[in-house]
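J.: Quick one: sequence plus predicted model below, questions after.
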Amino acid sequence: MTCAFYPGSFDPMTNGHLDILKQAMAVFDDIVVGIGVHPGKVPMFSFEERARLIADCAGGASGAGLRVVAFDQLAVDAAVAAEASVIVRGLRDGSDLDYEMQMSGMNGVMRPDVTTVFFPASPATRPITATLVRQIARMGGDVSAFVPANVAEAIRGKTA
Ligand code: ADP
């Protein structure tokens, strides 16, 4: 049984995050999505809202078990706390690769027992970033092509 930890902000969950989550759920037995919470940073969605949106859109995606937790420490430490031996990250482009290689290299020194596994972004969802989704939504744009239907609905509720 391999448990994988997928850390991020997920504010909100996008089709890009969901693409990586589904790829990981097809490979690993259990996935723990870790929502990073930073004191002092005001998110668009609370932890509880983000957790519900993730569970609702990904819950039935495959046979893999899915859990959503909050974390405020290093991702490697949160992975160990979740009893995961793998950290999942998505790669969109070369700048993701450069940054992720640095992070996985340093994480590997701090926690040699946790391996980082990268999944490639699918072509259709590769350009999507949660930051741009929030910006478009705040300016009254339609984000329904970039996020799962339940997230689009929740964004409409926030911005109406
Ligand atoms: P971060 O704050 O590290 O960017 P995010 O919540 O934005 O956290 O993303 C979490 C993970 O999801 C990261 O591994 C990131 O590369 C990946 N990700 C985000 N958007 C996409 C996308 N459109 N396609 C593939 N992976 C993505």
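T.: Done, it's in.

J.: Show me what the lengthiest helix in the chain packs onto, helices and strands only.
T.: Of all segments of type helix in the chain, defined using DSSP state H, the longest is helix 94-110. On a contact count with 3 or more C-beta pairs under 8 Å, 6 or more residues apart in numbering; DSSP states H and E, helix 94-110 meets helix 75-81, strand 86-91, strand 115-120. Yep, even glycine has a C-beta here, placed from its N, CA and C like the rest.

J.: Throw the ones you listed into a markdown table and include mean pLDDT, mean neighbour count and distance to the ligand, thanks.
T.: Output for the helices and strands packed on helix 94-110, formatted as a markdown table (pLDDT from 0 to 100; neighbours: other C-beta atoms under 10 Å; distance: least, C-beta to the nearest ligand atom, whole Å):
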| stretch | mean pLDDT | mean neighbour count | distance to the ligand |
| --- | --- | --- | --- |
| helix 75-81 | 98 | 20 | 9 |
| strand 86-91 | 98 | 21 | 2 |
| strand 115-120 | 98 | 16 | 7 |
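
J.: need the residues of this structure near the ligand, please.
T.: 8-10, 14, 16-17, 19-20, 89-90, 92, 96, 121, 125-126, 128-130 (C-beta under 6 Å from any ligand atom).

J.: Strands - which of those land there?
T.: Among the residues of the chain next to the ligand, the members falling in strands (DSSP state E) are Gly8, Arg89, Gly90.

J.: so the second one touches Phe118, yeah?
T.: Yes: contact status for Arg89 versus Phe118: in contact at 5.5 Å, counting by C-beta atoms under 8 Å.

J.: so where is the protein shaky, pLDDT-wise?
T.: The chain contains residues with pLDDT under 70 at 60-63.

J.: count of residues packed around Ala124?
T.: For Ala124, the number of neighbouring residues by other C-beta atoms under 10 Å comes to 11.

J.: what separates Phe118 from Gly141, distance-wise?
T.: Distance, Phe118 to Gly141, by C-beta to C-beta, to the nearest Å: 30 Å.
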